[in-house]
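**Student:** sequence and predicted structure below; questions after.
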Amino acid sequence: MDAKKLQKAYVSMLYSDRYRMKDADKEYQYLAQTMDGERLLVERAARQRNLRTVLYSDMHFSPRFFSKEQFLSLVIAYCESDSFWNWNSRTLIESFCSFVVEKSDLTEEEKTIFLIDGVYSGISTNSKNSPWQSDINHINGKSITEEITLDKYFSLSSLSKAAHLSDIKFENKAACLRLHNENGKVAISLKETA
């Protein structure tokens, strides 16, 4: 039995009931025979709640419009997906948000809020490895700008004023979402495009 595979299989079982690594059947069988199933369920639920808590507290916009319970269901789906285990994003938040945007059954307006949080987190790293279909410009290694075309336009100021997502007026107009990181400070703008 491969010790590295066994360790990875163990960690995957701590977060996911369904996700399984390829070519690790022996390791999963061994773990299933030696682990207490009830304790595993308790530990998995605790880890998923902890991940939800970290994401919820570190994201800027989505927690304003989604409850912790809604976040938990998205986190559980994320943990059960390949996206959690094999992410190609700049941060964990960006990976989670990319999963929500690409795989969840949320509305386009709801997904837009997660997209903004994801890009905000990713651009904060000053890295170009974006999972989004975007244009990225690096200037002198001190700043980075990322632009994404959206199908919906809304007033960015409403993100901090609205009590509910329904309070934000989304319009079916093309828009350019622009995030700019200058020495660790991120600025966001959203402008209609012709």
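**Tutor:** Good, I have the coordinates. Numbering: from 1, shown residues only.

**Student:** residue contacts, the residue most central in space within the chain?
**Tutor:** Geometric centre of the chain, nearest residue: residue 96, 1.8 Å, by Cα atoms, centre = their mean. Shown in contact with residue 96 (Cβ atoms under 8 Å, 6 or more residues apart in numbering): 55, 74-75, 78, 118. No exception for glycine: its C-beta is placed from N, CA and C like everyone else's.

**Student:** between which two of those is the distance greatest?
**Tutor:** The largest separation in those, counting by Cβ to Cβ, is between 75 and 118 at 14.3 Å.

**Student:** can you give me the buried ones in the longest helix seen in the chain?
**Tutor:** Ranked by residue count under DSSP state H, the longest helix found in the chain is helix 37-58. Under the neighbour-count criterion of 16 or more other Cβ atoms under 10 Å, helix 37-58 has 40, 44, 47-48, 51-52, 55-56 buried.

**Student:** list just the nearest of the residues you listed to residue 112.
**Tutor:** Among the buried residues of helix 37-58, and counting by Cβ to Cβ, the member closest to residue 112 is residue 55, at 17.5 Å.

**Student:** so how far is residue 169 from that closest one?
**Tutor:** As judged by Cβ to Cβ, to the nearest Å, residue 55 and residue 169 stand 27 Å apart.

**Student:** just residue 182 next, same as before
**Tutor:** Relative to residue 169, and taking Cβ to Cβ, residue 182 is found at 30 Å.

**Student:** what number of residues lie near residue 24?
**Tutor:** 19 (other Cβ atoms under 10 Å).

**Student:** please read the previous query as pertaining to residue 136.
**Tutor:** Number of residues near residue 136 (other Cβ under 10 Å) recorded here: 17.

**Student:** skipping adjacent residues, who's closest to residue 26 in space?
**Tutor:** residue 1 (5.6 Å; Cβ to Cβ, 6 or more residues apart in numbering).
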